[in-house]
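Engineer: next comes the sequence, and after it the predicted model I'd like to discuss.
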Amino acid sequence: MVSNISGAAQPSTGTPNGKDMDVTQEYEREFGSKPACISRAPGRVNLIGEHVDYNDGPVLPAAIDREVNIASGVNPNNLVRLFALDLDEKVTFGLDRLNVKVDIDGSPLPAWALYPAGVAWSLMEAGLEVKGLNACFTSNVPIGAGLSSSAAIEVGFGVTWQALAGWDIKPLELAQICQRAENEYVGLSCGLMDQFASACGVENHALYFDTRSLEYQPAPLPKGVNIIIADSGVRRSLTTSAYNERRASCEKAVELLREYLPDIGSLRDVSPVEFAAYKEFLPEIERMRAEHIVKEIARVQSALSALRRSDDLAFGALMYSSHASLRDLYEVSTPELDILVELTRDLPGCLGARLTGAGFGGCTVNLVRQENSVEFMEKLECGYQERTGREARVYLCY
Ligand code: GLA
């Protein structure tokens, strides 16, 4: 399977591609007219900088060409009628009852519908017009795999409502509105990275995004190497509570460290040297979580310099240390992700590998010399099957 580093989410105006055709046909069948708008929004892979986006840290994601496609039109009755083609499920809810999260019959909204409903809610909170909507949508971003399937849905619907109502806001602002939907409506205290990457992605580039200043710049991907994604096929439940717990531990660490470093606003303000000086005053869990964050932020800075001087070896080494830290200090890896990373140590041409996204299952991202990529993909799949009895899905991404 091939996937590419993709551009940002957008309404499509040109000839629909294959995927658009599907949603268009389904829309016509379901709603009896042609869609007024077709939109797309990509998933993302994060090259380095994990769990730092809610600690004001910098991240280095890239949008991929796995995406959500939505065909839509205005619903004149102020209702939202959604058809999730992949799940073969439909729901209808009123825009006047978003707060109670129920469908038109008063039943709780299905989990998948919370994302578009949350975006409608958040757009309204931001004072933007949200029109009634008819939509059919499909996604080929694997769910729960660390490739931002939820952010792609959110941004996809954000772009759709924007196109239908005709207001104009910056992609970054749309990303923030979508993040608020996820934080306050869906209930995951995520940072801004995923919605940002989906809304602001640049084709064939990673994005260096400073989640404190909100400044970003495209970073060219290394030459002569491929980015390969390996999906462990494992999805762990309770991700939301484990994720929110991690964030709470970071906040607690900041509170405790303030006794010694009164000016810090977040772990971004703690240097590795300061952390070494004061870490003994933290309880074990907070110490481990904070150590990951402080050092991961430093790793992203080093990774950006490595990219700029085309030092793939250094970039790869930083990926391996990021993984070890996510495994041992942040404790968000799984045995299967660890095996995927370990296997790469013996594969020729692999410069670095790490879990990508929140963890708790999902995918690894690998940096591999182009001439070794095909062999790498085959051997990784075989090795994983031998060690775990499971099938890994391996995508060439760039
Ligand atoms: C999830 C969240 C992001 C980020 C990553 C971990 O994908 O949505 O905000 O925190 O986990 O880096």
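Structural biologist: Structure's in. What do you need?
Engineer: what about C250, distance to the ligand?
Structural biologist: 11 Å (Cβ to the nearest ligand atom, to the nearest Å). From N, CA and C alone the C-beta is placed, and that goes for glycine too.
Engineer: next: A36.
Structural biologist: 30 Å.
Engineer: ok, now G127?
Structural biologist: From G127 over to the ligand the distance is 25 Å, taken as Cβ to the nearest ligand atom.
Engineer: next: R236.
Structural biologist: The value you get for R236 to the ligand, if Cβ to the nearest ligand atom is used, is 13 Å.
Engineer: what's the burial count for that residue?
Structural biologist: Neighbour count for R236, taken as other Cβ atoms under 10 Å: 15.
Engineer: P335 is in contact with that one, correct?
Structural biologist: No - assessed by Cβ atoms under 8 Å, R236 is found out of contact with P335, at 11.0 Å.
Engineer: element containing G144, please.
Structural biologist: Of the helices and strands defined by DSSP states H and E, none includes G144.
Engineer: torsion angles phi and psi at it?
Structural biologist: phi 70, psi 20 (degrees, to the nearest 10).
Engineer: so who does it touch?
Structural biologist: Going by Cβ atoms under 8 Å, 6 or more residues apart in numbering, G144 touches 235, 239, 361-362.
Engineer: and the strands in the stretch 201-350 of the chain?
Structural biologist: In the stretch 201-350 of the chain, the strands defined using DSSP state E, counting those that start in this stretch lie at 205-210, 216-220, 225-235, 350-356.
Engineer: dump those into a markdown table; add mean pLDDT and mean neighbour count as well.
Structural biologist: As requested, the strands of the stretch 201-350 of the chain are exported to a markdown table (pLDDT from 0 to 100; neighbours: other Cβ atoms under 10 Å):
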| stretch | mean pLDDT | mean neighbour count |
| --- | --- | --- |
| strand 205-210 | 96 | 22 |
| strand 216-220 | 93 | 15 |
| strand 225-235 | 95 | 22 |
| strand 350-356 | 98 | 27 |
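Engineer: just send those back as CSV, with distance to Q385 too.
Structural biologist: Shown next, in CSV, are these (distance: least, Cβ to Cβ, whole Å):
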stretch, distance to Q385
strand 205-210, 30
strand 216-220, 34
strand 225-235, 11
strand 350-356, 17
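Engineer: the contacts of G144 in helices, which ones?
Structural biologist: Of those, the ones assigned to helices by DSSP state H are T239.
Engineer: nearest to N99 among the contacts of G144?
Structural biologist: For the contacts of G144, the residue nearest N99 by Cβ to Cβ is T239; the value is 25.1 Å.
Engineer: what's the burial count for the closest residue to that closest one other than its chain neighbours?
Structural biologist: Leaving aside its sequence neighbours, T239 sits nearest to F360 (Cβ to Cβ, 6 or more residues apart in numbering; 4.7 Å). When counting by other Cβ under 10 Å, one arrives at 22 neighbours for F360.
Engineer: in the longest helix belonging to the chain, what's buried?
Structural biologist: If you go by DSSP H, the chain has its longest helix at helix 284-308. Residues of helix 284-308 classed as buried by neighbour count (16 or more other Cβ atoms under 10 Å): 286-294, 296-297, 299-300, 302-304, 306-307.
Engineer: helix, strand or coil for the closest residue to the ligand within the stretch 251-398 of the chain?
Structural biologist: Going by Cβ to the nearest ligand atom, the ligand is nearest to A358 of the stretch 251-398 of the chain, at 3.4 Å. Three-state call for A358 (DSSP: H, G, I helix; E, B strand; the rest coil): coil.
Engineer: what residues are up against the residue nearest to it when sequence neighbours are not counted?
Structural biologist: Computed as Cβ to Cβ, 6+ apart, the closest residue to A358 that is not its neighbour in sequence is Y243, at 5.7 Å. Counting by Cβ under 8 Å, 6+ apart, Y243 touches 188-190, 358, 360.
Engineer: which of those has the most neighbours?
Structural biologist: A358 (24 neighbours).
Engineer: is it true that it touches V332?
Structural biologist: Yes - using Cβ under 8 Å, A358 is in contact with V332, at 6.6 Å.
Engineer: dump the contacts of Y243 to CSV, plus distance to G265 and pLDDT.
Structural biologist: Output for the contacts of Y243, formatted as CSV (distance: Cβ to Cβ, whole Å; pLDDT from 0 to 100):
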residue, distance to G265, pLDDT
L188, 22, 95
S189, 17, 95
C190, 19, 96
A358, 23, 96
F360, 28, 94
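Engineer: and Q385, that's in a helix?
Structural biologist: Yes - when classified by three-state DSSP, Q385 is found to be part of a helix.
Engineer: what is the neighbour count of it?
Structural biologist: 12.
Engineer: contacting residues for it?
Structural biologist: Applying Cβ under 8 Å, 6+ apart to Q385 gives the contacts 391-392.
Engineer: who in the stretch 51-200 of the chain is up against the ligand?
Structural biologist: 51, 53-54, 148, 190-191, 193-194 (Cβ under 6 Å from any ligand atom).
Engineer: among those, name the ones in helices.
Structural biologist: 193-194.
Engineer: TSV for the residues of the stretch 51-200 of the chain next to the ligand, including distance to S72?
Structural biologist: Formatted as TSV, these follow (distance: Cβ to Cβ, whole Å):
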residue	distance to S72
H51	34
D53	29
Y54	31
S148	21
C190	25
G191	28
M193	26
D194	22
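Engineer: still on that earlier bit, biggest separation within the contacts of G144, which pair?
Structural biologist: T239 and G362 (9.3 Å).
Engineer: okay, these two: which has more neighbours?
Structural biologist: Set side by side, T239 and G362 show more neighbours around G362, with 29 against 18, by other Cβ under 10 Å.
Engineer: show me what contacts that one?
Structural biologist: Per Cβ under 8 Å, 6+ apart, neighbours of G362: 144-147, 231-232, 234-235, 337, 355-356.
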